[in-house]
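1. Show me how the following folds:
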Amino acid sequence: MKYGESCFDILYLLFAICCGILILRNARSRTEKHMGWAALILGVGDAFHLVPRVLNYFVNADFTAALGIGKLVTSLTMTVFYIFMYYIWLGYYRETPQKGVTQAVWCLSALRFILCLFPQNGWMQNESSMTWGILRNLPFTALGILIIVLYFRNRGETKRFRLIWLYVTLSFLFYLPVAVGAGLLPILGMLMLPKTICYILILIAFLGAVTKDEVR
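-> A predicted model of the protein is given here:
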């Protein structure tokens, strides 16, 4: 189990980071740069949690604080990822920004950041109550639903991004049980595997949009 999970985590991080770098090198527009930064932030942010997790399997040391802080960093960078998802949607589909939607994205993200920074989250101890797991994920889930609705609305316009809404939906369905209940039922942590696959599919869509599609 530890070897399989560790190999998957390392390959995922390498893919996400390399994908971000490749997209940024080939980006021809601001929107494509957003795709590159989104991929890079996703990979670097997840590394803060996954690298200590892998090391914890093979190194005889206390990684409690590192794992907890890694979860905090990942929580924040995932929020930034969805901010980029919003601006990618705006640019890719050439949508006119709506003040209310933009404000909702930033307000939900700011609330998520604030809730994640409360000491009651227990990051240093790598343990959190179910209550705080729910609280900090309420604005994050609302942000995810907003992104799902936006991409769903434009799903028929391009082949490349037609399933982005589904990948985001599935990622949240896999993520939320882990975020809320993994402390009580550790087996739920296995759901992070299909959740990660959903993000890989999103990054593949980004990569294809930059390296294979015409400039948008």
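2. Checking the residue most central in space within the chain next. Helix, strand or coil?
-> Centroid-nearest residue in the chain, with CA atoms, centre = their mean: residue 78, separated by 3.9 Å. At residue 78 the chain is in helix, as set by DSSP: H, G, I helix; E, B strand; the rest coil.
3. Surely it and residue 44 touch.
-> No - applying CB atoms under 8 Å, one finds residue 78 not in contact with residue 44, separated by 11.6 Å. Heads up, the C-betas are built off the backbone N, CA and C, glycines and all.
4. now the strands for this structure?
-> In the chain, no strands are found when defined by DSSP state E.
5. Low-confidence regions, it specifically.
-> Residues of the chain that meet the criterion pLDDT under 70 lie in 1, 182-183, 213-216.
6. residue ranges for the helices of it, please.
-> 2-26, 30-58, 64-92, 99-116, 130-153, 164-181, 192-211 (DSSP state H).
7. Distance from the chain centre to the first one, please.
-> If I follow you right, that is helix 2-26. Mean-position distance between helix 2-26 and its chain equals 13 Å (CA atoms, centre = their mean, to the nearest Å).
8. Does anything pack onto it? Which helices or strands?
-> Using 3 or more CB pairs under 8 Å, 6 or more residues apart in numbering; DSSP states H and E, the elements in contact with helix 2-26 are helix 30-58, helix 192-211.
9. mind listing what's buried in the longest one?
-> Of the residues in helix 30-58, those scored as buried under the neighbour-count criterion (16 or more other CB atoms under 10 Å) are 31-54, 56.
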